[in-house]
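# A structural model of the following input is requested.
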Amino acid sequence: MSGFVEKPEPLQVPGLVHLHTGKVRDLYRDEAGDLVMVASDRMSAFDWVLPTEIPDKGRVLTQLSLWWFERLEDLVPHHVISTDLPAGAPADWAGRTLVCRPLRMVPVECVARGYLAGSGLAEYEQTRTVCGLALPEGLVDGSELPAPIFTPATKAAVGDHDENVSYEEVARQVGAETAARLRRTTLDVYARARDVARDRGIVLADTKFEFGFDADERLVIADEVLTPDSSRFWPADSWEPGRAQPSYDKQYVRDWLTSPASGWDRASEQPPPPLPQEIVDATRTRYLEAYEHLTGTAWE
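Model prediction:
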């Protein structure tokens, strides 16, 4: 059992039709047929949407995505049309709302890994592979891979877990040509972002992207991109293979939830507890640090 601990009621805004409430984002359609995507401050972990929000998180995700979209558009177009608030939208939507062109979404999470961590590490320790790709002996937690790899996953609904799949399975689902484009574009974008992050003192260990096709059948990058929710960011000056790395992402929340302090049994069917204020504050600080280190701009 998983999903929302407390599922929010969608806000009704004149001229907008509510389409979906996701783990973090609420999706609407406007009268022109474009999509309005609003990033909330909700936090998800272990396939649960937690009952405690992280202040400013949605704005950080939105503003950081916009920053990256500008730096990637020579590699792949993005889906953003405007950041203007729809008429009648609440003031709280400012800074967290994107008006986007509708896309025919590819049903695959496109994951790029440059370092060994997370589910990739768990598979490697068992089989010396990640998503069926053979890797050399001797790698440890946090090791840099010989070259970045494309490790796709299924896109799960709220409460379900993304599952790693082979490249061959992606080709079976979407066709060989589309699979090849997804792999090439994912690795190109990762390489660009890895180098940008490295110049700013951050290791981009891995990240996931979502893509779709627009009306002209162009491959377009969508949703969020290269945020602490979709990426593992590590401080470069403390990177040390062979141990878990300090991070700017939600790992801090995961660590607390699995610690004795939370009193939560992940294997149980009980929802996770609210986050204490010190965990909320520390997590917010990490998200802001990621934004400020990457963009070179103080959060306002």
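
# low-confidence stretches in the stretch 101-250 of the chain?
Where the stretch 101-250 of the chain drops to pLDDT under 70, the residues are 156-162.

# where along it do the strands fall?
For the stretch 101-250 of the chain, the strands defined by DSSP state E, counting those that start in this stretch occupy 104-105, 108-115, 129-130, 133-134, 144-150, 153-154, 202-213, 219-222, 231-235.

# for the chain, what spans make up the helices?
Under the criterion DSSP state H, the chain contains helices at 57-72, 118-127, 167-174, 176-199, 251-257, 277-295.

# which other helices and strands does the last one contact?
For helix 277-295, the helices and strands in contact under the criterion 3 or more C-beta pairs under 8 Å, 6 or more residues apart in numbering; DSSP states H and E are helix 57-72, strand 202-213, helix 251-257. (C-beta placed from N, C-alpha, C; glycine too.)

# find the one among those with the highest mean neighbour count.
With neighbours taken as mean count of other C-beta atoms under 10 Å, those reach their highest mean count in strand 202-213, at a mean of 22.

# list the contacts of the residue most central in space within the chain.
In the chain, the residue lying closest to the centroid (C-alpha atoms, centre = their mean) is Ser230, at 1.8 Å. By C-beta atoms under 8 Å, 6 or more residues apart in numbering, Ser230 lies in contact with Thr207, Lys208, Phe209, Glu224.

# now swap in Ile149 and tell me
Ala112, Arg113, Val130, Cys131, Leu133.

# quickly list what it is bridged to.
Counting by DSSP bridges, Ile149 is bridged to Arg113.

# what does Thr207 give?
Thr207 forms beta bridges with Ala112, Ser231, as assigned by DSSP bridges.

# surely it is in contact with Tyr190?
Yes: when contacts are counted by C-beta atoms under 8 Å, Thr207 is listed as touching Tyr190 (6.3 Å).

# intersection of neighbour lists for these two?
Common neighbours of Thr207 and Tyr190 (C-beta under 8 Å, 6+ apart) are Ala112.
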